[in-house]
Each structure stands twice: as C-alpha cells, then as structure tokens.
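>>> Predicted structure and sequence below. I'll ask about it afterward.
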Amino acid sequence: MNVLAAIADPSPQAAKAATQTIPIVFAANGDPLKAGLVASLNRPGGNATGITIFGPDAVTKRLQLLHELAPQATVITYVANPNNPIGDIEMEAARGAVRSLGKEMLVLNAGNEHEFDAAFATIDRRTGALLFASDPFFVTWRNKLVALTASHQIPAIYYLREFAEAGGLMAYGNGLSEVYRSVGLYIGRVLKGEKPADLPVQQSTKFELVINLKAAKALGLSMPQMLLVSADEVIE
C-alpha cells in the first residue's frame, strides 16, 4: 500500500485534489475542515487525515509576545506570501489580534525570492514591528529574511525556531520534530491497514518560544524578564 505524506500547505490540498483513493497523511496549517481536507475532525471520512499546526491561536500569542517586547509599536506589518492559497485564514486572525491590541496592521507581500528586497523597501516608516506569516516558503529563505529584517532594525517574531537559530529575534510555534513524529506514526498505522477515514485529525499542542539575545542586543532592546523566564530556549 502506498501513502502520501503531505507536509505544509499547499501540499495537502494538492494531494487531495490529485487522488481520492491513495491514503494521505498531512500536516496542515489552520482548519482542515475549511480547507476541504476532511469531512470531520473526529471521523475524517475520506482518504486523508493528519495533524493541524500553526492555527489562529498561535498567531494571537505571537502578537501578544511582540506587544510585550515592543509595546510602543503602534503599527505592525504582517509579512505574507500572496501565493499561499489559505493564507487569508491566518491573516484575518492576525488582523483581529492586532485590532484587539489597539494597533494598526499593514500587509507586506512577498511571493518569491526576487520580491524580498523590493517588498522590504516599501516598509512603512510607521512600522514598529514585524510579524511573519506561517508559510513554508519563508522557511526556505529564512536567512535572507532574517538579514533583511536586521538591516531595517525592526523587532520581528517568526513561527519556527529555525528563524531564531538563523539570527532572528524571537520565534513562537509548534516544534516540527513533534509534528513529523505524529505524521510518521499515522503513516505507520495506515501501512498496517488502518484507514485515514477512521483516524481522527490531531492538533499539535506543543509550542515553543525561542529568543535570540544577540539579535535583541543588536536592536538595542532589553528583553523583559518575564519573556526570558517563559522561553523554552534562549540563544546567547
């Protein structure tokens, strides 16, 4: 029996569109119901199941962390990939969270590596902080994005520890090792004969906060003690 592993959007949607018979185990952003991947979270009912990651709650938490670090920032620029077919779901969650903090949100679109420099050149002077969308394309170019952010001297929060490890200021999100492990376990169960239709969609519940003190020092920021205490890892 073959099994398709579809990691990160838009791979799950592409796999689902390609076959209704081959089992699919996905790791998908947001709500798999809205994305049309399953009929129900408890009983997926088709040929796909998996784990959900990077939901709206995580976006809200990132903005709260960013607010704790840079409360004076009244305008937050959201860096998005316009080519992500479900990017609007997270963007709207970000808008709501920014509004609840009494701030304004601007959107900066960068859909390919050639657009990064041009997009960052248009950053509004009012921007006090950056929030990066949960997009696998950005992970691929994390070194470039971290360097551009540093050159603009703007505090930023990302969605994976890999960004902080590359020199980014702060990251909050799911640990990918746990996500990959969950996907692997489901693939094993499918290979042993279980059907995706009967395997409930899981929600990744393990989040990690990683802070890069070197990046904070370069920005002239004093990291609040409460943030340092709550961090899962502090990079010095």
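That came in fine, so what should we check first?
>>> Now the residue positioned nearest the centre of the chain: phi and psi?
The residue lying closest to the centre of the chain (C-alpha atoms, centre = their mean) is S134, at 2.4 Å. Dihedral pair for S134: phi -80, psi 90, per degrees, to the nearest 10.
>>> Mind listing residues that contact the host helix or strand of I157?
Following DSSP states H and E, one finds I157 within strand 156-158. Outside strand 156-158, the residues within contact range by C-beta atoms under 8 Å, 6 or more residues apart in numbering are 62-63, 65-66, 129-132, 138, 142, 149, 164, 168-173. In this view, the C-beta of every residue, glycine as well, is placed from N, C-alpha and C.
>>> who touches the spatially closest residue to R126 that is not a sequence neighbour in this structure?
Distance criterion C-beta to C-beta, 6 or more residues apart in numbering; nearest residue to R126, sequence neighbours excluded, is V75 at 4.3 Å. Contact analysis of V75 by C-beta under 8 Å, 6+ apart lists K103, E104, M105, L106, D124, R126, T127, G128.
>>> how about those, which pair is most distant?
K103 and D124 (12.9 Å; C-beta to C-beta).
>>> how many neighbours does A231 have?
For A231, the number of neighbouring residues by other C-beta atoms under 10 Å comes to 19.
>>> now swap in F138 and tell me
Neighbour number of F138 under other C-beta under 10 Å is 23.
>>> could you check the distance from it over to E233?
Distance, F138 to E233, by C-beta to C-beta, to the nearest Å: 20 Å.
>>> quick check, distance from the longest helix seen in the chain to the centre of its chain.
For the chain, the helix with the greatest residue count under DSSP state H is helix 176-191. Put simply, helix 176-191 sits 19 Å off its chain's centre (C-alpha atoms, centre = their mean, to the nearest Å).
>>> low pLDDT regions in the protein?
Applying pLDDT under 70 to the chain flags residues 1, 54-55.
>>> domain ranges for it?
What the record gives for the chain is the domain set 4-54+175-205, 56-173+208-235, from automatic domain parsing.
>>> M170 contacts L213, correct?
No - the pair M170 / L213 is not scored as a contact, 10.2 Å apart, by C-beta atoms under 8 Å.
>>> For the residue nearest to Q20 when sequence neighbours are not counted, list the residues it contacts.
Taking C-beta to C-beta, 6+ apart, and ignoring the residues beside it in sequence, Q20 has N47 as its nearest neighbour in space, at 5.9 Å. Applying C-beta under 8 Å, 6+ apart, we find N47 in contact with K16, T19, Q20, T21, I22, P23, I24, P196, A197.
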